Each structure stands twice: as C-alpha cells, then as structure tokens.
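Trainee: Fold the following, please.
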Amino acid sequence: MHKLKLHGFNNLTKSLSFCIYNICYAKTKDNRENYINHIDEQYNADRLSEILTETCSIIGASILNIAKQDYDPQGASVTILISEEEINPSPNSVVAHLDKSHICVHTYPESHPADGLCTFRADIEVSTCGLISPLNALNYLIKQLKSDIVTIDYRVRGFTRDAEGIKHYIDHQINSIQNFISEDIKQCYNMMDVNVYQENIFHTKMMLKDLDLEHHLFDTKPEQFNHEEKEDVICKLHDEIKEIYYGRNLSKI
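Mentor: A predicted model of the protein is given here:
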C-alpha cells in the first residue's frame with residue numbers, strides 16, 4: 001500500500017474497543033461462587049498484564065508503564081501506556097514525550113441465583129497514535145478470552161498533514177472490521193456490521209454459532225442432567241447470549 005509522506009508526526013488516533021462476553025451455567029450456589037473465584041484467578045491483574053504485554057508485541061508498541069489492580073470482591077483492571085518508538089530511558093530520567101497511546105482492560109464477572117447463569121465480561125481498549133495499528137491485535141484478543149459474544153468498535157479521530165500540507169482523516173483502507181478478522185474466527189461466529197463511513201466509525205457484533213453444552217457448564221457435566229434439564233439449560237444459555245448480542249431483554253412469555 002502506498003505510504004503517505006507526512007509533515008511531522010502522524011497525529012491520527014486509532015481506537016479499538018472490545019466488549020467480550022463468556023457465558024456459562026452453574027447449577028448450585030457453590031458452583032456459582034467457584035465460578036467467580038475461577039474467573040478471578042484465571043483473569044487476575046497479573047494474567048491480564050501478560051495478555052496486554054503480548055498485545056503490545058503484536059502491534060509493535062513499546063511499553064512505558066504498567067498499572068494494575070485486583071478488586072474485592074471481584075474483577076481486575078490493567079492499563080499500559082505505550083509508545084510507537086522504542087524508548088530506553090536511564091533509571092533516573094522521566095519520559096517527557098508520549099505518543100498518547102494506551103491499552104487497558106477491565107473485567108466484570110457476575111452471576112445470578114435465579115437462573116444459574118454466570119457472565120464474564122471484559123472491556124478492552126487499544127488506542128494508538130502514529131503508524132502502529134490496534135487492528136493487528138484483533139484475532140489474538142478474541143482467542144485469548146474465549147468469547148461467546150464480541151462487540152467491537154473502531155474509530156479513527158483527528159487528522160494528520162502530508163508533506164503538501166493537505167489534511168488526511170484516515171491513513172489506511174477499511175470498509176469493515178471484518179477485513180481484519182481471520183477466516184477461522186469468522187467461521188465460528190454470526191457477524192453484523194453497523195458502520196458510519198463518513199465519520200470513520202466502524203462497529204461489528206459477533207455471536208458464537210454453535211453452543212456446546214459441555215463447554216458452557218461449570219463444575220458439572222451434561223450427563224448429570226436429564227433430558228428436560230438439558231433442554232432448559234440450553235434454552236437459558238441461548239436466551240442469555242441473544243439478549244446480550246441484541247442489547248434487549250427477550251419476552252419470557
């Protein structure tokens with residue numbers, strides 16, 4: 001692809017935001033408590049830091065600073081300041097110029113006793129300035145968080161000037177976030193776009209096509225349910241996934 005010859009630094013801000021959900025059924029109160037503990041352990045601040053550090057490597061960014069926090073009773077957050085260029089400050093120096101780029105994640109595990117459903121949600125934002133692109137981390141992040149539902153927003157803000165002084169409001173070709181999602185992931189999901197091209201705003205929603213009951217049960221096995229119970233659990237899982245995907249509650253009639 002032809003590269004723009006810019007006047008100075010690339011001032012475009014490229015922001016990629018995820019909302020990722022994983023749904024499961026936990027039959028008893030103890031099962032639900034164990035699920036929350038399991039999620040808190042599997043996606044604690046240290047583990048999330050590892051995932052985001054690898055994300056930085058994938059998009060070609062240098063890490064300036066990592067801030068992380070585990071919460072009581074549950075959840076975790078990590079924020080990483082990043083730079084497009086490699087920076088090796090001396091131990092006593094202060095980094096005065098940042099590329100105004102960051103990666104952050106917040107987690108929200110929850111459950112409800114009424115129907116036994118447990119939901120793990122992770123919000124992730126990858127925001128970059130310069131030539132590095134957050135779109136390169138799409139497939140890695142979707143796979144790392146074992147996603148049943150994914151909503152993705154991508155927006156390019158601001159402008160940069162070329163050597164002739166002409167403003168450019170985007171510096172790459174894109175007509176859908178799906179252009180950057182691998183074929184093996186696409187085959188697993190139903191996908192829908194809502195794009196506002198004149199504003200450089202792109203939105204894609206993804207919902208897992210096939211529900212494997214064994215992979216959506218926590219601390220129990222399918223053989224522990226009779227036929228009617230299995231059908232009830234599958235129905236609950238399907239309804240939960242569809243409600244989150246479409247952003248509205250389904251009629252219970």
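Trainee: Test of understanding: give the bridge partners of the closest residue to residue 177 other than its chain neighbours.
Mentor: Using CB to CB, 6 or more residues apart in numbering and skipping the chain neighbours, the partner closest in space to residue 177 is residue 204 (4.1 Å). (C-beta placed from N, C-alpha, C; glycine too.) Beta-bridge partners recorded for residue 204 (DSSP bridges): residue 152, residue 193.
Trainee: Tell me who's in contact with residue 204.
Mentor: 150-152, 176-178, 181, 191-193 (CB atoms under 8 Å, 6 or more residues apart in numbering).
Trainee: Distance check, it against residue 30.
Mentor: Separation of residue 204 from residue 30 (CB to CB, to the nearest Å): 38 Å.
Trainee: go on, residue 235?
Mentor: 23 Å.
Trainee: Likewise for residue 197?
Mentor: Distance, residue 197 to residue 30, using CB to CB: 51 Å.
Trainee: Check residue 131 too.
Mentor: Relative to residue 30, residue 131 is positioned 51 Å away (CB to CB).
Trainee: which one of the two has more residues nearby?
Mentor: residue 131 (17 against 10; other CB atoms under 10 Å).
Trainee: lowest-confidence helix or strand of the protein?
Mentor: strand 160-161 (a mean of 82; mean pLDDT, DSSP states H and E).
Trainee: Switch the contacts of residue 204 over to CSV; also include distance to residue 114, pLDDT and neighbour count.
Mentor: Formatted as CSV, the contacts of residue 204 follow (distance: CB to CB, whole Å; pLDDT from 0 to 100; neighbours: other CB atoms under 10 Å):
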residue, distance to residue 114, pLDDT, neighbour count
150, 26, 96, 23
151, 25, 96, 19
152, 30, 96, 25
176, 38, 96, 15
177, 35, 96, 21
178, 36, 96, 18
181, 35, 95, 20
191, 31, 96, 18
192, 29, 96, 14
193, 34, 96, 13
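Trainee: which one of the residues you listed sits closest to residue 58?
Mentor: Relative to residue 58, the closest of the contacts of residue 204 is residue 181; by CB to CB it sits at 14.4 Å.
Trainee: for residue 211, what are its contacts?
Mentor: 234, 237-238, 241.
Trainee: where exactly do the helices run in this structure?
Mentor: Assigned by DSSP state H, the chain shows helices spanning 29-42, 45-59, 138-144, 183-186, 227-246.
Trainee: Can you mark which positions in the shortest one are buried?
Mentor: Translated: helix 183-186. residue 185 (16 or more other CB atoms under 10 Å).
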